[in-house]
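Peer 1: generate a structure from the sequence data that follows.
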Amino acid sequence: MSAATTARERILQTAHRLMSSYGVRSITMDDLATELGISKKTIYKSFDDKDALVEGVVQMVLADNRIAFEQDLKKAENAVHEMTLCLNRLVDMLESMNPSVLFDLRKYHPTAYVAIQRHQYEFLFD
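Peer 2: The predicted structure is shown next:
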């Protein structure tokens with residue numbers, strides 16, 4: 001893993017944590033830079049703008065989500081157990097999410113919101 005990849009992942013993880021807690025709209029690039037102890041220029045080396053950052057966070061979360069659900073499918077003993085594991089994971093996700101996140105995404109970052117909807121219909125509902 002290169003240093004650039006590590007920095008990008010660290011930015012994504014921190015942005016995800018902050019946005020999950022406080023909402024997407026309320027977190028600025030300044031807030032993120034301060035939290036990470038880096039300059040905004042360092043963030044902009046990895047992401048063109050906040051939209052790109054938000055889309056990166058959403059893609060990271062969706063990829064993690066897919067992996068977690070696939071692991072649940074592998075360890076499920078039967079269809080009922082599979083549904084129970086999936087429902088428990090969904091409840092955990094919803095409990096940890098700030099309710100304003102989806103609203104912010106839909107209103108201010110529609111590309112990221114569409115990616116979530118696509119994931120919902122193409123993966124979760126499948």
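Peer 1: which residue packs closest to the residue most central in space within the chain, ignoring adjacent ones?
Peer 2: Nearest to the geometric centre of the chain sits residue 61, at 3.2 Å (C-alpha atoms, centre = their mean). Distance criterion C-beta to C-beta, 6 or more residues apart in numbering; nearest residue to residue 61, sequence neighbours excluded, is residue 16 at 6.3 Å. In short, each C-beta sits where N, CA and C put it, glycine included.
Peer 1: contacting residues around the one you found?
Peer 2: 57, 60, 61 (C-beta atoms under 8 Å, 6 or more residues apart in numbering).
Peer 1: roughly how far apart are the residue nearest to the centre of the chain and residue 80?
Peer 2: 27 Å (C-beta to C-beta, to the nearest Å).
Peer 1: and residue 50, by the same measure?
Peer 2: Distance from residue 50 to residue 80, counting by C-beta to C-beta: 43 Å.
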